[in-house]
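> no sequence on this one, just coordinates:
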């Protein structure tokens, strides 16, 4: 398996630049004061489709051959990746087949169909999703674009950290959420390619701590019955993302549900921006480990802003 | 009564510039598409203290003589103005006396006391508030800075529209919320001073429509038992703000509670920013009058982003 390099991330950046937003890096004097550190928030909640996922999906679509473009792309995801892949594909005239569990929230169904996907519903098990996707691939020849176990997707996700480092000098630590590991892999590839001194830390809910366990034991451990408010981080690492994270990340720090919710509220209240619970894990890491981060310059990747405002956790 | 002019607003801008945020003007392709117009959002929710009120309060404090500064400032307000005045005063070493009804939400009490106010509680009637404030003024000699019935406050509020016009050319219409009329008076003064062709429209909840009634009948009518989710817009116009609005605003458009809530949700969902219900009235005007605004370039002043996330209207 070919692991991504900094030049892959740089190439992805050149490729996707015309199609993605260059999201702002925001600061908040109040939050920096509260944590006794200099905080720089890379706001992927302002990215198209409301999440960093649009970077990786766009890169994957732009890497298709013209023959592959004609046959379309497919993924089985109910979340931000499905919407991101659909938008990236359909806006280039590429068909997007999305396999979704029939119990997916109606907001997610309508978001994905709104971007123009051809949705196939299946039972809410991984087996049913994979079988349904395989049948569609057999029929259509569509290319599977996995949400994170995909080289081009990982390279695209790394471009957020690249922009953050272009804009802010001398960052001591960059913290990114970790679910399946696409964002953290891309981030670590970009950061460590640029310099070895900036630390890269994954933020993970303690209630879905497969990445932390895999990282500390050195064996890939799947997530078992994860239950967390950070619904973007329920997935497990793949062999690919685990290999990258093991080599390049410095640590994976777990955080409680209470810290995630408290951090999310703090970001909404003080910064007046909407972030989803998965994004708030990065500030929760600081909240639970104040002394470790005091006095440092810290980049925090706010991964997205999609959530159901009628079901807030506070 | 001396009505403010464009040069007063320009002078206020020079005066307050070093102390207030130059807030961003955001656009949203999605929202512009939905309304069939070009929308420019002046984001005062990102202003210090989370609302445009910091502009007016800062201007009023900076206009005090050194003798007045020593005696302090006072206001009776439970909302954004109290926090704004306190922050503007205390950060220049000026004492801030705030009179608040004893039933004010604890979030507001702690916000104002957090900025360093000396709070005096009273019964929740206008009479009690005025009497309590008068007693403190007698004792301390503090200068009353009314939330909107104040020349310097109005000039400060007009600076948001000034910045919006500096940044965006050829705006056809600027819409601002109207409660007591400080923001709308300042906005109309700034806009009509710069050019006569840009229309200025006040957005007001139908459930608190005193400004609309006063504007259409030509007589100052107070608000009677207003009940609206836009809790920043419960106050009535004063003689001063009515005079300005009558002369300089083009229209006051009322909006339903449902449109306010729907617009607020739309801004949160599509723009990923937090605005309070009062801010959402400006988009509600477009929602209820689509044809009137189609194809136009529209400036919308998002007045603030302070609200209790545990008591959302949706």
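Now that the structure is in, tell me what you want to look at. Note that the structure is predicted; figures quoted are calculated from it, not measured.
> who touches the lowest-mean-pLDDT helix or strand in chain A?
Here the helix or strand of chain A ranked lowest by mean pLDDT, DSSP states H and E is helix A:106-114, holding a mean of 86. Here helix A:106-114 makes contact (C-beta atoms under 8 Å, 6 or more residues apart in numbering or on different chains) with A:78, A:79, A:82, A:83, A:86, A:98, A:100, A:119, A:306, A:308. Yep, even glycine has a C-beta here, placed from its N, CA and C like the rest.
> among these, which are in helices?
If you go by DSSP state H, the contacts of helix A:106-114 have A:82, A:83, A:86 in helices.
> redo those as JSON lines? Include distance to residue B:6, neighbour count and pLDDT.
Below are these laid out as JSON lines (distance: C-beta to C-beta, whole Å; neighbours: other C-beta atoms under 10 Å in any protein chain shown; pLDDT from 0 to 100):
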{"residue": "A:82", "distance to residue B:6": "52", "neighbour count": "28", "pLDDT": "96"}
{"residue": "A:83", "distance to residue B:6": "46", "neighbour count": "28", "pLDDT": "95"}
{"residue": "A:86", "distance to residue B:6": "49", "neighbour count": "28", "pLDDT": "97"}
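> residues contacting residue A:190?
A:6, A:9, A:158, A:159, A:161, A:162, A:165.
> cool, and residue A:248?
Residue A:248 touches A:185, A:188, A:189, A:191, A:192, A:200, counting by C-beta under 8 Å, 6+ apart.
> look up phi and psi at it.
Here is the backbone geometry of residue A:248 (degrees, to the nearest 10): phi -120, psi -20.
> next one: the one 4 residues further on
Summarising the backbone geometry of residue A:252 under the convention degrees, to the nearest 10, its torsions are phi -130, psi 120.
> up against chain B, what does the stretch 1-150 of chain A have?
Proximity of the stretch 1-150 of chain A to chain B (C-beta under 8 Å from any C-beta of the partner chain) is limited to residues A:45, A:46, A:50.
> excluding chain neighbours, what is closest to the last one?
The one in question is residue A:50. Of all residues not flanking residue A:50 in the chain, residue A:306 sits nearest, at 4.4 Å (C-beta to C-beta, 6 or more residues apart in numbering or on different chains).
> now swap in the first one and tell me
Take residue A:45 and drop its neighbours on the chain: the residue closest to it by C-beta to C-beta, 6+ apart is residue A:305, 3.1 Å away.
> pLDDT and neighbour count added to the contacts of residue A:248, as JSON lines?
Output for these, formatted as JSON lines (pLDDT from 0 to 100; neighbours: other C-beta atoms under 10 Å in any protein chain shown):
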{"residue": "A:185", "pLDDT": "98", "neighbour count": "35"}
{"residue": "A:188", "pLDDT": "98", "neighbour count": "28"}
{"residue": "A:189", "pLDDT": "98", "neighbour count": "27"}
{"residue": "A:191", "pLDDT": "98", "neighbour count": "29"}
{"residue": "A:192", "pLDDT": "98", "neighbour count": "20"}
{"residue": "A:200", "pLDDT": "98", "neighbour count": "24"}
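> show me what the helix or strand that residue A:89 is a member of is packed against.
In this structure, residue A:89 sits in helix A:80-90 according to DSSP states H and E. Contact here means 3 or more C-beta pairs under 8 Å, 6 or more residues apart in numbering or on different chains; DSSP states H and E; on that basis helix A:80-90 packs against helix A:53-62, strand A:73-76, strand A:96-101, helix A:106-114.
> ranking the ones you listed by mean neighbour count, which comes first?
helix A:53-62 (a mean of 29; mean count of other C-beta atoms under 10 Å in any protein chain shown).
> for that helix, the distance to its chain's centre please.
From the chain centre to the centre of helix A:53-62 is a distance of 12 Å (C-alpha atoms, centre = their mean, to the nearest Å).
> would you mind measuring from the closest residue to residue A:257 other than its chain neighbours to residue A:77?
Closest residue in space to residue A:257, ignoring its immediate chain neighbours: residue A:229 at 5.6 Å, by C-beta to C-beta, 6+ apart. As judged by C-beta to C-beta, to the nearest Å, residue A:229 and residue A:77 stand 19 Å apart.
> average pLDDT for stretch A:14-29?
The average pLDDT for stretch A:14-29 rounds to 97.
> next one: stretch A:41-58
The pLDDT scores in stretch A:41-58 average 97.
> what's the first-to-last distance across it?
Start and end residues of stretch A:41-58 are separated by 22 Å (C-alpha to C-alpha, to the nearest Å).
> go on, stretch A:245-256?
For stretch A:245-256, the end-to-end distance is 22 Å (C-alpha to C-alpha).
> show me what counts as buried in it.
Within stretch A:245-256, the residues scored as buried using 16 or more other C-beta atoms under 10 Å in any protein chain shown are A:245, A:248, A:249, A:251, A:252, A:253, A:254, A:255.
> so which of those belong to strands?
In this view, these that belong to strands under DSSP state E are A:251, A:252, A:253, A:254, A:255.
> who touches the helix holding residue A:89?
Residues beyond helix A:80-90 that count as contacts (C-beta under 8 Å, 6+ apart) turn out to be A:19, A:48-51, A:53-54, A:56-58, A:60-61, A:72-73, A:75, A:77, A:95-96, A:98, A:100, A:108, A:111-112, A:115-117, A:145, A:147-148, A:232, A:304, A:306.
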